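Asks: Sequence first, then the predicted structure:
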Amino acid sequence: MMKMIKLPMVASLVILLSASLLSACGGSESHSNGKSSGGPVSEKYQGIWLSPAYGIGLKVNAGAAELFHYTTLFCLLEESDSISDEEIEASYRLNQGVLELLEGGRLEQRFYPALGLPEACIGGYTPQLGDADYRADPTRDFEVFSELMASYSVSPEAQRLNWSSIEQQAREELAEDMNEWDLLELFYQMIKPLKDIHTSIQTSEAFARVENKPTTVSLYLQEFIAQQGLNLPLSVDQASMANTYIMRQHERHDATILDYAENAEDVKHAANGLVRWFQVGHLGYLNIAAMTGFSELSDHEANLAVLDAALDAALSDLQDTQGLIIDVRTNGGGQDLFSLAIASRFVASKTVVYRVQAGTKNARDELLDVTIQPRGAVQYLKPISLLVSASTVSAAETFSLVMSELDQVALVGQATQGAFSDILKKTLPNGFQINLSNERYLTLNGEWLEGKGVPVDIEVPVFTQEERDGEFDYAMEAAAALLQ
C-alpha cells in the first residue's frame, strides 16, 4: 500500500493515491466471461467487425461474441460471452452494412465488416492478468502502452508533440525487473506533457492523471499547502486534512451563490440535486452540476426523463425573466447525450452545433455533423450568460461548445479545461487501466479546441479566496450586468 500522496502543483496535476480520495473522469472495464441468454444469432450479424479508429473488434458467430482490442502488434480480449439477436439489437443497429453502436439513441461508434481478424489477433490473444499463461513482463506492458498511445491518442497532436520522442526517452528508463509502482511512474512521465485530464492510468492501488489547467481541487489544495506551510508529498494525515479543506471551500463557494437568491426557500432542486434554480430580480439562475446521474436508475431513458422534467419545471419558473445565468463552472462532465438534451432547450429550430471525428491520422472515421432541435415542453430563447471555468470538463465542455455557437449566449468566467473527447478505455496485460482521448470535436468554423478549451467572451476571476471571504462572485456579477 502507498503511504504518500504525490501532488506536484505546476501547470498540471498528477494524483497517485488510494482509491477513496478522488475518482477519475470516466470509468474502466475489465475482460470477463459471463452468461447470457445466447443465440442463435442471425447471419447478418455474424463475422468480424472492426472499428479501426478505436482499435476495437467484434467476432460474432451463431451463438457467441468476443470483444477485443488490437494494435499492429497486440490483441487483447476484453469479453467473451454467449449472445442473441435481442442483445445485439439492444445496443447496435445495422445501417447499410455497418454495425453502429448507440448510446441513448445517438451514434457512438461504427464497426465495419472485415474479411478476417487483424494480423495481431490471428495467432491468438495476448495473455493477460488472470489467464493461466500470463507472466509478468514490464517490457511487454510498455510496448502495449506505447503503441496504444501512438495509434489512438489525439493528445500528442493537440499538444504538437512527437510521441516517438517521448517513447524513446522513456525506453531508456525501462528495466526488465521494474515493479508496478515504478512502471506507473514511468507511464505518468510519458503522459505528463499531454496535459489531458482524460488521459489517465489506474492500478489496483493508484491513479495518475494530468490536468491541462488547475481545477478547483488543485486551486484549493494550493491554498491549503500555502496556508499550512507544507511541502509535497503530503502524508496520509495531511492529505485527509487537505480533503476536508477542499470540501469546505466548495461549500463556501456554494453558499455564496445561494446568497444571491432573495429567500432561501426560493431555491429549487431536482434531478438528484444536480439541477438547481432560482430567480433574483429580473434574472434567472440555473445550475447544472453534472452531465450524468440525474436518476437513481442507470439507463439513459430514465435519466433523460428525469432531466426533462427538471428542465420543464425550471424553465417554466424562469420563463418571465429577462435573461438567464446558466452555471456549469464546477460541472465535471458525464455524457454528451445529456449535454445536447439540455442545449436543445435553447434553440428554436434544428441546428448544427459542432462536428466530431474519431481516430488519429492512422485511421479516422468520417467527420460527422452533430445537430440539436427543440426538446421538451419549454424552451428559453432570451439572452443567456453561461458561466464556465477550467473546472468545466468533458461533456460540460460539449455543452459550452454548443452554447457558444448560439447568438443569444455569452460565455463569462475563464476558458474551459480543454478535454472534449470521450474517453477510450484500454487495459494492459498487467491489468493497468488506460484511458485516452481519440476524438476531435470541431467548431462550425473548423477550430479544434482540445487542450485549449472553449474561450469566454468576458473573462473574470473564478473561485478566488477573496470572493469566498467577501461572499460575492465576480462571474455572477459580470453575468448579471451583461444581461441587464
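Replies: Cool, the structure landed.
Asks: Following element in sequence after the longest helix seen in the chain, please.
Replies: Ordering each helix of the chain by length in residues (DSSP state H) puts helix 236-258 first. Next helix or strand after helix 236-258 toward the C-terminus (DSSP states H and E): strand 268-270.
Asks: What strands line up against that following strand, and which way round?
Replies: Counting by DSSP bridges, the strands paired with strand 268-270 are strand 275-280 (antiparallel).
Asks: CA atoms only: put the partner strand into CSV for me.
Replies: Extracted C-alpha coordinates of strand 275-280, given in CSV (Å, rounded to 0.1, in the frame of the first residue of the first chain):
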residue,chain,number,x,y,z
VAL,A,275,-30.4,20.8,-11.4
ARG,A,276,-30.9,23.9,-9.2
TRP,A,277,-32.6,27.2,-10.0
PHE,A,278,-33.9,30.5,-8.5
GLN,A,279,-34.9,34.0,-9.6
VAL,A,280,-33.1,37.1,-8.5
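Asks: Point to the residue nearest the middle of the chain.
Replies: Nearest to the mean C-alpha position of the chain, by Cα atoms, centre = their mean, lies S394 at 4.3 Å.
Asks: list the contacts for that residue?
Replies: S394 makes contact with C25, G26, I197, H198, M291, G332, G333, G334, Q417, A419, F420, according to Cβ atoms under 8 Å, 6 or more residues apart in numbering. In short, each C-beta sits where N, CA and C put it, glycine included.
Asks: got a pLDDT number for the last one?
Replies: In the prediction, the pLDDT value recorded for F420 is 97.
Asks: show me what contacts it?
Replies: When contacts are counted by Cβ under 8 Å, 6+ apart, F420 touches S394, E397, T398, L401, S437, E439, Y441, L449, E450.
Asks: Next, give phi and psi for S316.
Replies: In terms of degrees, to the nearest 10, the main-chain angles of S316 are phi -70, psi -50.
Asks: The spatially closest residue to it that is not a sequence neighbour: neighbour count?
Replies: Nearest residue to S316 in three dimensions, chain neighbours excluded: V378, at 5.3 Å (Cβ to Cβ, 6 or more residues apart in numbering). Counted with other Cβ atoms under 10 Å, the neighbours of V378 add up to 17.
Asks: Just to be sure, P113 is in a strand?
Replies: Yes - counting by DSSP: H, G, I helix; E, B strand; the rest coil, P113 is part of a strand.
Asks: Wait, it touches G97, no?
Replies: Yes - using Cβ atoms under 8 Å, P113 is in contact with G97, at 6.3 Å.
Asks: So which residues of the stretch 151-300 of the chain form helices?
Replies: Remark: helices assigned in the stretch 151-300 of the chain by DSSP state H, counting those that start in this stretch are 155-158, 163-171, 180-191, 216-228, 236-258, 300-317.
Asks: deepest of the ones you listed, which one?
Replies: Among the helices of the stretch 151-300 of the chain, helix 155-158 has the highest mean neighbour count (mean count of other Cβ atoms under 10 Å), at a mean of 21.
Asks: contact partners of that one?
Replies: 149, 161-163, 166, 191, 194-196, 199, 360-361, 436-437, 448, 450-451.
Asks: Narrow those to just the buried residues.
Replies: With neighbours counted by 16 or more other Cβ atoms under 10 Å, these contain buried members at 149, 163, 166, 191, 194-196, 199, 360, 436-437, 448, 450-451.
Asks: Out of these, which is nearest to V236?
Replies: Distances from V236 to those, taken as Cβ to Cβ, are shortest for I191 (25.0 Å).
Asks: State the distance from the closest residue to C75 other than its chain neighbours to V456.
Replies: Distances taken as Cβ to Cβ, 6+ apart place C121 nearest to C75, at 3.7 Å, with adjacent residues excluded. Between C121 and V456 the computed distance is 47 Å (Cβ to Cβ, to the nearest Å).
Asks: and this protein, what are its domains?
Replies: By the assignment in automatic domain parsing, the chain contains the domains 4-28+128-209, 43-122, 259-418+453-483.
Asks: OK, contacts around Y354?
Replies: Counting by Cβ under 8 Å, 6+ apart, Y354 makes contact with V370, T398, L401, V402, E405, Y441, L442, T443, L444.
Asks: My error: substitute N61 in the last question.
Replies: V41, Q46 are the contacts of N61 under Cβ under 8 Å, 6+ apart.
Asks: quick one, phi psi at it?
Replies: phi -120, psi -160.
Asks: The one 5 residues further on now?
Replies: Here is the backbone geometry of E66 (degrees, to the nearest 10): phi -120, psi 130.
Asks: What of the one 4 residues further on?
Replies: The phi/psi pair for Y70 (degrees, to the nearest 10) reads phi -140, psi 150.
Asks: same thing with the one 5 residues further on?
Replies: Dihedral angles of C75 (phi, psi; degrees, to the nearest 10) stand at phi -140, psi 120.
Asks: what bridges to it?
Replies: C75 forms beta bridges with Y70, as assigned by DSSP bridges.
Asks: got a pLDDT number for it?
Replies: With respect to pLDDT, C75 has a value of 97.
Asks: does P214 really touch Q222, like I thought?
Replies: Yes - contact criterion Cβ under 8 Å: P214 and Q222 qualify, at 7.4 Å.
Asks: in which helix or strand would I find A478?
Replies: helix 474-483.
Asks: same check, this time on I434
Replies: Using DSSP H and E, I434 falls in strand 433-437.
Asks: hmm, back to that, save the helices of the stretch 151-300 of the chain as a markdown table, and put in distance to Q484 and mean pLDDT too.
Replies: Formatted as a markdown table, the helices of the stretch 151-300 of the chain follow (distance: least, Cβ to Cβ, whole Å; pLDDT from 0 to 100):
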| stretch | distance to Q484 | mean pLDDT |
| --- | --- | --- |
| helix 155-158 | 38 | 96 |
| helix 163-171 | 49 | 97 |
| helix 180-191 | 45 | 96 |
| helix 216-228 | 28 | 96 |
| helix 236-258 | 18 | 96 |
| helix 300-317 | 19 | 97 |
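Asks: A271: which of the ones you listed is closest?
Replies: Judging the helices of the stretch 151-300 of the chain by Cβ to Cβ, what sits closest to A271 is helix 300-317, at 4.1 Å.
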